[in-house]
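S.K.: From the sequence below, what's the structure:
(one chain, ligands or ions: 2)
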Amino acid sequence: MNKRFHIKTMGCQMNEYDSDFLAQSLIKNGFSPENEVGQADVILINTCAVRAKPEQKACSFLGRMAGLKEKNPELVVGMIGCLAQMKGKELMKRFPLLDFIMGPRELEKIIDIVGEIYDSRQKIAVTGLKGAPPSPVNCPGYFQNQTSGFISIMEGCNNFCSYCIVPYVRGREHFRPPEDILREAEHLLSEGVREITLLGQNVNSYTWDDPDHWNFSSLLHAMGNLEDLSRLRFTTSHPKDLSDALLGCFQKMDKLAGHIHLPFQAGSNRILKLMRRGYTREEYLEIIEKLRTAKEGIAITSDVMVGFPGETDEDFLLTLDLIQQVEFDSLFSFKYSDREGTPAAKMPDKISKGVKVSRLQRLQDLQSSITLKKNRHLEGRQLTVLVEGTSKKGGQLTGRTSANKIVNFDGDSHLAGKLVEVTIQESYLNSLKGKLTGS
Ligand code: 5AD
Ligand code: SF4
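M.R.: Ligands and ions are numbered 1, 2, ... in the order given. As a prediction, the model looks like this:
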């Protein structure tokens with residue numbers, strides 16, 4: 001019988017990419033995708049452990065699935081990803097429906113493990129951290145009708161920021177060979193993808209030395225030479241690794257989108273030091289200057305946290321001040337949460353939930369006013385939009401500008417995958433509304 005699988009993905013773009021890898025591996029081995037979780041023979045939950053909230057979401061999803069095995073005793077349920085790596089064994093005890101857990105560096109074993117469970121019905125845990133990132137599966141047809149795609153160029157992280165669980169659950173930095181990355185890009189383009197985002201915890205540290213020397217900028221240039229590629233993006237970058245060569249790419253490469261996501265995390269030097277970020281606020285501001293000089297109008301987005309242990313009102317005001325000075329296009333903002341095993345979890349002077357909630361609200365209000373102001377400046381301007389398809393609401397076309405702003409406008413669906421010119425008529429917090437002016 002043809003077995004059906006359902007993958008529930010939580011967390012970041014990296015997990016989306018990993019879920020696509022798992023899905024393609026399963027499809028190549030005769031499984032077929034199933035949208036309805038209750039109808040699936042194999043359920044995979046791809047989890048995130050970076051903050052407390054995604055962890056709670058994964059557990060409540062597992063809780064809701066508890067009755068499914070009574071209906072289908074053959075069902076195989078696996079937890080994948082960072083939370084599986086961090087707490088998988090404990091979670092297998094807490095949620096008896098889990099048949100296996102698999103860390104993010106073990107994805108290549110998916111077919112063997114599902115097969116082994118069908119054979120033996122034993123519980124399995126695979127949590128090695130040394131595995132090289134797998135070679136692409138490139139399942140034909142999987143990305144058809146998709147304008148935008150991701151390629152992971154590295155796994156893991158060597159930075160050990162004091163609050164972060166990533167180096168413990170995804171292991172140390174491990175890059176993928178340039179030929180694998182370019183082969184995967186060629187495949188995505190042959191499927192009709194026109195925009196590729198290179199992914200990694202810290203993409204600017206990319207290096208490869210065999211047989212030729214590659215760094216992140218040479219990889220960007222090689223990607224830029226792919227004829228069918230309309231736009232190139234990357235995320236995430238660490239401020240300490242932002243090289244002059246990368247600034248040069250922003251200056252010279254037409255296909256490189258005018259946007260960078262550059263997490264700053266905090267505006268106070270004292271907190272940045274406790275976080276072990278490896279830069280000061282002055283150095284961060286200097287990098288922003290350089291980026292804006294290299295590429296006029298470049299959109300800058302970032303990640304920031306409130307309520308790191310010991311964060312005083314003055315520290316928090318320095319974070320607000322940095323936001324005001326930089327005027328980010330948008331921000332992902334989080335309440336700090338302890339991650340077991342990290343140095344910050346053992347730090348004194350924890351901040352109460354109430355203080356974190358009110359600081360986050362104040363920060364988000366400030367950022368919303370900046371985002372709205374910046375989006376208003378776009379009204380009346382003509383921008384180049386890469387059309388992604390029809391928007392969920394209202395049947396309009398939707399696409400993104402080079403600065404990664406979402407634009408909705410009337411137009412024919414055959415424009416999907418094309419670069420078109422749109423005049424912005426109205427701006428909102430999370431999107432823009434426009435009128436097609438040419439293609
Ligand atoms: N608590 C809250 N936010 C965190 N992040 C990472 N670790 C934590 C934590 N312990 C945030 C950072 C990072 C983003 C992916 O998640 O801002 O850039
Ligand atoms: Fe975590 Fe810091 Fe690595 Fe980002 S750079 S993944 S915050 S340790």
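
S.K.: remind me, longest helix of this structure?
M.R.: helix 353-376 (DSSP state H).

S.K.: Go ahead and confirm Ser333 touches Ser302.
M.R.: No - if you go by C-beta atoms under 8 Å, Ser333 and Ser302 don't touch, sitting 9.0 Å apart. C-beta coordinates here come from the backbone N, C-alpha and C atoms, glycine included.

S.K.: In the longest helix of the chain, which residues are buried?
M.R.: Lys356, Arg359, Leu360, Leu363, Leu366, Gln367, Ile370, Thr371, Lys374, Asn375 (16 or more other C-beta atoms under 10 Å).

S.K.: Roughly how far does the fifth one sit from ligand 1?
M.R.: Right, Leu366. 17 Å (C-beta to the nearest ligand atom, to the nearest Å).

S.K.: same question, the last one
M.R.: Separation of Asn375 from ligand 1 (C-beta to the nearest ligand atom): 23 Å.

S.K.: Give the next helix or strand downstream of the lowest-mean-pLDDT helix or strand in the chain.
M.R.: Lowest mean confidence among the helices and strands of the chain (mean pLDDT, DSSP states H and E): helix 68-71, at a mean of 88. Next helix or strand after helix 68-71 toward the C-terminus (DSSP states H and E): strand 76-81.

S.K.: I'd like the distance between Thr390 and ligand 2.
M.R.: On the measure of C-beta to the nearest ligand atom, Thr390 and ligand 2 end up 35 Å apart.

S.K.: Likewise for Asp41?
M.R.: Relative to ligand 2, and taking C-beta to the nearest ligand atom, Asp41 is found at 34 Å.

S.K.: Verify the stated contact: that residue with Pro73.
M.R.: No - assessed by C-beta under 8 Å, Asp41 is found out of contact with Pro73, at 11.2 Å.

S.K.: Settle it for me: which of these two has more neighbours?
M.R.: Asp41 (19 against 8; other C-beta atoms under 10 Å).

S.K.: Now that one. Its backbone dihedrals?
M.R.: Note on Asp41: backbone dihedrals following degrees, to the nearest 10 are phi -90, psi -20.

S.K.: What sits closest to it if chain neighbours are left out?
M.R.: Lys3 (4.3 Å; C-beta to C-beta, 6 or more residues apart in numbering).

S.K.: burial of the one you found, as a residue count?
M.R.: Lys3 has 17 nearby residues by other C-beta under 10 Å.

S.K.: do the same with Glu90
M.R.: 10.

S.K.: Give me every residue in the protein that's in contact range of ligand 2.
M.R.: Taking C-beta under 6 Å from any ligand atom as the contact definition, the chain meets ligand 2 at Cys157, Asn159, Phe160, Cys161, Cys164, Val166, Pro167, Gln201, Asn202, His238.

S.K.: Just the buried subset of those, please.
M.R.: Cys157, Asn159, Cys161, Cys164, Val166, Pro167, Gln201, Asn202, His238.

S.K.: now for the residues you listed, which pair is the farthest apart?
M.R.: Within those, Pro167 and His238 form the most distant pair, 12.6 Å apart (C-beta to C-beta).

S.K.: Mind listing the shared neighbours of those two?
M.R.: Asn159 (C-beta atoms under 8 Å, 6 or more residues apart in numbering).

S.K.: Could you chop the protein up by domain?
M.R.: 4-126, 133-257, 290-376, 382-436 (automatic domain parsing).

S.K.: In a markdown table: those domains, plus distance to Phe264.
M.R.: Formatted as a markdown table, the domains of the chain follow (distance: least, C-beta to C-beta, whole Å):
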| stretch | distance to Phe264 |
| --- | --- |
| domain 4-126 | 17 |
| domain 133-257 | 7 |
| domain 290-376 | 5 |
| domain 382-436 | 18 |
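
S.K.: which one of the ones you listed lies closest to Gln265?
M.R.: Closest to Gln265 of the domains of the chain, according to C-beta to C-beta: domain 290-376, at 5.6 Å.

S.K.: ok and the residue in the stretch 101-250 of the chain nearest ligand 1?
M.R.: Tyr163 (4.1 Å; C-beta to the nearest ligand atom).

S.K.: Kind regards, and thank you for your time.
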